[in-house]
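[1] The following block contains a protein sequence and its predicted model.
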Amino acid sequence: MKKIVWIVAGLLLACNSSQKTVTKEAAANATVDPKVYAETITEAELKEHLYVYASDEFEGRETGQPGQKKAIAYLKAEYENLEIPPAQSNGEYFQKVPIEISNIPVGKLRVNNSDFLLGEHVLTFSRAQSENNEIVYVGYGIEDENYSDYQGVDIAGKLVLMKTGEPINTNGTYTISGTSEKSIWSNMSESLGKRFQLAEDKGAIGVLYYDADNYPRFKSRFDYMRNNSNGRMSLKNGEADSFSSLFIDGILAKELLPTIESDHAPKKIEARVTLDFESSNEEVDSENVVAFIQGADKPNEYIIISSHLDHIGITPEGEINNGADDDGSGTVALLEIAEAFKKAKDAGNGPRRSIVFLHVTGEEKGLLGSEYYTDVEPIFPLEQTVANLNIDMVGRIDPKRDGDRNYVYLIGSDKLSTELHELSEEVNSKYTQLELDYTYNDENDPNRFYYRSDHYNFAKNNIPIIFYFNGTHDDYHRPGDTPDKINYDLLENRTRLIFYTAWELANRANPVTVDKAAD
């Protein structure tokens with residue numbers, strides 16, 4: 001996984017607050033009215049696509065399963081009919097994404113002459129093999145602006161021990177925040193990955209993580225997966241020995257460091273620790289579908305519009321999860337947007353920047369297709385990628401929401417680029433007049449949707465994003481998510497908004513500026 005590059009651009013905005021993004025950043029074809037192309041995006045065509053794409057024939061589009069193969073064949077055929085070429089230089093629409101199912105391993109962890117069995121005092125979800133004559137204790141495993149558990153500690157090639165929580169000052173305030181408020185490091189769901197990634201970036205071969213409060217939660221998941229033979233999908237690691245993530249209970253933690261509850265100081269621990277966990281993994285054949293319209297005079301700058309092509313397949317009882325909203329709605333929206341841009345190009349009004357139409361696989365398995373595109377094999381350079389507009393569930397109405405039905409939730413538009421947020425607002429005001437709802441853009445929103453769809457893999461690479469979303473509903477991830485429940489008038493208007501936004505991004509004089517740091 002690539003490291004996140006932190007960029008603070010200060011006041012380097014291309015325009016000031018009194019300058020209207022759409023009207024003042026004139027594109028070469030600014031005299032062209034995009035409405036004529038937006039109007040080719042229609043309820044009727046969206047509905048026609050979706051009744052096929054979310055039909056029983058596609059079997060819920062489970063990653064790697066026959067239904068997913070039917071889905072990618074459908075997308076390829078549509079792009080061929082539109083005469084929109086594939087993005088890859090090899091002439092293929094399908095970008096192979098190497099995925100594997102990591103079955104629950106078997107084995108044990110040995111400390112000196114004592115064995116700790118998998119599923120009792122230690123948990124891991126993948127293969128882990130190593131012999132260590134010492135481990136390094138790194139306290140909380142935190143590195144922040146004014147605090148580091150890694151100060152003066154070398155963990156390269158080492159197995160590290162860390163615990164949950166964060167440092168507290170003698171006066172009871174939290175060291176990171178300097179106040180009585182906890183920081184992000186106390187939020188397990190957000191900080192766990194940060195801790196592991198930080199250790200990996202510093203060269204550790206693995207982490208032994210102690211969290212007494214959440215160990216039962218980890219064990220519950222482990223037991224469920226073992227009892228149901230339900231492995232975890234992940235990108236296939238080409239290296240023989242990958243980074244090991246292990247969760248340990250209090251008994252094992254105190255075998256390694258008896259004072260772990262009260263001792264926060266990093267130190268070396270002399271102990272022979274052997275990891276002996278074997279797993280048989282199964283390869284999954286899956287692929288992204290990527291098409292492309294080359295820009296007229298800025299062909300090496302790219303706007304990526306994305307949606308995920310997969311869903312969750314068939315229930316154990318044999319019911320099909322059709323995924324009409326999730327993310328059939330985003331998929332057909334992307335097809336219609338592609339058609340609109342192609343009509344513009346055929347009329348001599350093609351975009352100045354290149355447009356990439358990216359249908360990703362494995363979103364439901366952990367954003368795998370987009371992770372592969374951004375972190376392993378980007379077809380086009382990320383440093384030349386101007387923005388990502390991600391479409392995931394845009395055909396329904398959130399039953400918990402009050403207000404105008406002609407709305408869409410926007411997430412992330414202001415996270416990296418002030419200009420992108422302003423452009424988005426102005427485009428909507430000029431063309432579509434939806435109610436733009438930022439409820440789920442709140443940093444404190446417990447749903448954390450910003451981290452839960454494919455745009456996040458672009459955002460973590462400092463690429464400005466907008467995530468378009470209608471919210472969840474009672475049919476979310478259930479067989480009831482069928483095409484007859486889609487609000488096609490809303491789907492049409494939301495799709496047109498995304499097209500207009502992409503149009504402005506593609507045709508303005510300068511790319512939107514990144515003026516905020518990646519999260």
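    Structure's in. What do you need?

[2] For the stretch 301-450 of the chain, give me the ranges with low pLDDT.
    Along the stretch 301-450 of the chain, no part satisfies pLDDT under 70.

[3] Buried residues, the strand or helix carrying residue 491. List them.
    Applying DSSP states H and E as the criterion places residue 491 in helix 488-507. Buried residues in helix 488-507, counted by 16 or more other C-beta atoms under 10 Å: 488, 490-507. Using the backbone N, CA and C atoms, a C-beta is placed for each residue, glycine as well.

[4] is it true that residue 208 lies in a strand?
    Yes: assigned with DSSP: H, G, I helix; E, B strand; the rest coil, residue 208 falls within a strand.

[5] what about it, neighbour count?
    Neighbourhood size, residue 208 [other C-beta atoms under 10 Å]: 24.

[6] Kindly report the same for residue 172.
    If we define neighbours as other C-beta under 10 Å, then residue 172 has 7 of them.

[7] Disregarding residues adjacent in the polypeptide, which is nearest to it?
    The shortest distance from residue 172 to any non-neighbouring residue, by C-beta to C-beta, 6 or more residues apart in numbering, is to residue 180 (7.2 Å).

[8] how close does the one you found get to residue 461?
    Using C-beta to C-beta, to the nearest Å, residue 180 is found at 35 Å from residue 461.

[9] So residue 166 is in contact with residue 181, correct?
    No: at 11.1 Å, residue 166 does not count as touching residue 181 under the criterion of C-beta atoms under 8 Å.

[10] Tell me which of those two has more neighbours.
    Using other C-beta under 10 Å, the more surrounded residue of residue 166 and residue 181 is residue 166, with 22 against 10.

[11] And the residue nearest to the more buried one when sequence neighbours are not counted, how close does it get to residue 309?
    Nearest residue to residue 166 in three dimensions, chain neighbours excluded: residue 185, at 4.2 Å (C-beta to C-beta, 6+ apart). Note on residue 185: its distance to residue 309, by C-beta to C-beta, is 36 Å.

[12] repeat for residue 297
    Distance of residue 297 to residue 309, computed by C-beta to C-beta: 31 Å.

[13] Can you identify each of the helices in the chain by residue range?
    Counting by DSSP state H, the chain has helices at residues 21-24, 35-38, 43-53, 66-82, 188-201, 215-227, 250-256, 330-346, 368-371, 418-427, 455-459, 488-507.

[14] Other residues contacting the second one?
    Taking contacts as C-beta atoms under 8 Å, 6 or more residues apart in numbering, the residues outside helix 35-38 that touch it are 340-341, 343-344, 349, 431, 496, 499-500, 503.

[15] Swap in 7 Å and give it another go.
    The set of residues external to helix 35-38 that reach it, using C-beta atoms under 7 Å, 6 or more residues apart in numbering, is 340, 343-344, 496, 499-500.

[16] Output it as PDB, nothing but the C-alphas.
    C-alpha atoms of helix 35-38 as PDB (Å, rounded to 0.1, in the frame of the first residue of the first chain):
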ATOM      1  CA  LYS A  35     -27.500  20.700 -21.800                       C
ATOM      2  CA  VAL A  36     -28.000  19.200 -25.200                       C
ATOM      3  CA  TYR A  37     -25.800  16.300 -24.200                       C
ATOM      4  CA  ALA A  38     -27.100  16.100 -20.600                       C
END
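
[17] Identify each buried residue in that helix, please.
    37-38.

[18] And the average pLDDT for it is what?
    On average, the pLDDT along helix 35-38 is 98.

[19] And for the first one?
    In this model, helix 21-24 has a mean pLDDT of 41.

[20] what does the fifth one give?
    Averaged across helix 188-201, pLDDT comes to 90.

[21] so what secondary structure elements neighbour that helix?
    Contact here means 3 or more C-beta pairs under 7 Å, 6 or more residues apart in numbering; DSSP states H and E; on that basis helix 188-201 packs against no helix or strand.

[22] Walk me through the domains of this protein.
    Annotated domains of the chain cover 21-96+300-507, 104-279 [automatic domain parsing].

[23] neighbour count winner among residue 180 and residue 461?
    Higher neighbour count among residue 180 and residue 461: residue 461, with 20 against 9, using other C-beta under 10 Å.

[24] was I right about the more buried one contacting residue 381?
    No: at 10.9 Å, residue 461 does not count as touching residue 381 under the criterion of C-beta atoms under 7 Å.

[25] Could you report the pLDDT at the spatially most distant residue from the centre of the chain?
    Distance from the C-alpha centroid of the chain, by C-alpha atoms, centre = their mean, peaks at residue 113 (42.3 Å). Listed pLDDT for residue 113 reads 94.

[26] Tell me the spacing between it and residue 274.
    Using C-beta to C-beta, residue 113 is found at 11 Å from residue 274.

[27] Of the contacts of helix 35-38, just say which sits nearest to residue 170.
    Nearest to residue 170 out of these is residue 500 (C-beta to C-beta; 56.2 Å).

[28] What's the local residue count around the residue lying closest to residue 280 once chain neighbours are set aside?
    Closest residue to residue 280 apart from its sequence neighbours, by C-beta to C-beta, 6+ apart: residue 103 at 5.6 Å. Residues near residue 103, counting by other C-beta under 10 Å, number 20.

[29] mind listing what residue 103 touches?
    231, 279-281.

[30] change it to 10 Å
    Residue 103 makes contacts with 125-127, 225-226, 229-232, 278-282, as judged by C-beta atoms under 10 Å, 6 or more residues apart in numbering.

[31] Just flag the most distant two among those.
    230 and 278 (18.4 Å).

[32] got any ranges where the stretch 151-300 of the chain has weak pLDDT?
    Scanning the stretch 151-300 of the chain for pLDDT under 70 picks out the ranges 229-230, 238-241.

[33] how close does residue 157 sit to residue 224?
    Distance from residue 157 to residue 224, by C-beta to C-beta: 34 Å.

[34] ditto for residue 468
    For residue 468 relative to residue 224 (C-beta to C-beta), the value is 33 Å.

[35] Please identify which of the two sits among more neighbours.
    Per other C-beta under 10 Å, whichever of residue 468 and residue 224 has more neighbours is residue 468, with 29 against 11.

[36] Now do the contacts for the spatially closest residue to residue 405 that is not a sequence neighbour.
    Nearest residue to residue 405 in three dimensions, chain neighbours excluded: residue 397, at 5.7 Å (C-beta to C-beta, 6+ apart). Contact partners of residue 397, counting by C-beta under 10 Å, 6+ apart, are 405-407, 470-471, 473, 485, 487, 490.
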